[in-house]
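Student: below: sequence and its predicted model.
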Amino acid sequence: MPSPEFLDAIHRLVAKIEASLPTMDEPVKMYVAGGTAVHYYTSYRVSEDVDATFSKRLLLPNEVEIAWKAEDGKPRLLYLDKQYNDTFALMHEHYAVDSIPCAELNTGKRKIVVHFLSPVDLVVSKLSRYESVDQEDIRALAASRLVDASSVRTRAEEALGGYVGNQTRIRNSINLACKLIDEVQHGKGSKKKPR
């Protein structure tokens, strides 16, 4: 479960975006990925940026950021990463349909309805880059039993159909991620836990 302080910071960030939007017949869907989604599911690591895509094109304010205090009382900054783009990540074509609406953030009449990528799509989205932070995020999702290697492999291989370019590296990332998930869940090899 995410910290109440972090949820409140996301709520205020979304409210700031909503304040810049006109009245609409239907709300815009906001699909949150990255470290923010990992924290939502696992309470592991707090991200400073929110990686998100939207169901409609939006003219966003110049700076979308919120100052907040974490559980430990330390001041932090949370900002919308306006450079985030899902085009370069491995993404399943149904990631938006299979995303999970956030009950805590979607109360009342909203202009923006927040969805988090499903845990398996969150792992898939981290396979293109697959750097140490992505590996630790995958480890946290695996340790929380939110994903398993078989589901990740199936979803990632389905997503490869829409991926253009040399797939050797990404296929290697899929294999490494599935091995990592198995190690975390079945005690094989390294038992390193997320920090």
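Tutor: Good, I have the coordinates.
Student: residues contacting the residue positioned nearest the centre of the chain?
Tutor: Central residue of the chain (C-alpha atoms, centre = their mean): residue 33, 2.1 Å from the mean position. Applying C-beta atoms under 8 Å, 6 or more residues apart in numbering, one finds that residue 33 lies in contact with 51-53, 84, 86, 89, 116-117, 122, 125. C-beta: built from backbone N, CA, C; applies to glycine.
Student: per-residue confidence for it?
Tutor: pLDDT for residue 33: 97.
Student: again, but for residue 188
Tutor: According to the model, residue 188 carries a pLDDT of 62.
Student: so what does the helix or strand encompassing residue 136 touch, helix or strand wise?
Tutor: Take DSSP states H and E as the rule and residue 136 turns out to sit in helix 132-143. Other helices and strands packing on helix 132-143, by 3 or more C-beta pairs under 8 Å, 6 or more residues apart in numbering; DSSP states H and E, are helix 34-42, helix 119-125, helix 168-186.
Student: now the ones you listed in TSV, with mean neighbour count?
Tutor: Converted to TSV, the helices and strands packed on helix 132-143 look like this (neighbours: other C-beta atoms under 10 Å):
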stretch	mean neighbour count
helix 34-42	24
helix 119-125	26
helix 168-186	17
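Student: JSON lines for those, including distance to residue 79?
Tutor: Shown next, in JSON lines, are these (distance: least, C-beta to C-beta, whole Å):
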{"stretch": "helix 34-42", "distance to residue 79": "11"}
{"stretch": "helix 119-125", "distance to residue 79": "19"}
{"stretch": "helix 168-186", "distance to residue 79": "28"}
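Student: which of those helices sits closest to residue 66?
Tutor: Nearest to residue 66 among these is helix 34-42 (12.2 Å), distances taken as C-beta to C-beta.
Student: next helix or strand past the closest one?
Tutor: Tracing the chain C-terminally past helix 34-42 and defining elements by DSSP H and E, one meets strand 49-54 next.
Student: ok, and what's touching that next one?
Tutor: 10, 13, 28-37, 78-81, 84, 86, 96, 112.
Student: hang on, the earlier thing: show me what the residue nearest to the centre of the chain is bridged to.
Tutor: For residue 33, the beta-bridge partners under DSSP bridges are residue 51.
Student: quick one: it from residue 53, how far?
Tutor: Distance, residue 33 to residue 53, using C-beta to C-beta, to the nearest Å: 8 Å.
Student: give me the buried positions along stretch 125-144.
Tutor: Under the neighbour-count criterion of 16 or more other C-beta atoms under 10 Å, stretch 125-144 has 125-128, 130, 134-144 buried.
Student: same question, stretch 94-110
Tutor: Residues of stretch 94-110 classed as buried: 95-96, 99-100, 102, 105-106 (neighbour count, 16+ other C-beta under 10 Å).
Student: JSON lines please, covering those and showing pLDDT, distance to residue 155 and secondary structure.
Tutor: Below are the buried residues of stretch 94-110 laid out as JSON lines (pLDDT from 0 to 100; distance: C-beta to C-beta, whole Å; DSSP: H, G, I helix; E, B strand; the rest coil):
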{"residue": "95", "pLDDT": "97", "distance to residue 155": "9", "secondary structure": "coil"}
{"residue": "96", "pLDDT": "97", "distance to residue 155": "14", "secondary structure": "coil"}
{"residue": "99", "pLDDT": "98", "distance to residue 155": "13", "secondary structure": "coil"}
{"residue": "100", "pLDDT": "97", "distance to residue 155": "15", "secondary structure": "strand"}
{"residue": "102", "pLDDT": "96", "distance to residue 155": "21", "secondary structure": "coil"}
{"residue": "105", "pLDDT": "93", "distance to residue 155": "25", "secondary structure": "coil"}
{"residue": "106", "pLDDT": "94", "distance to residue 155": "25", "secondary structure": "coil"}
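Student: thanks a lot, see you next time.
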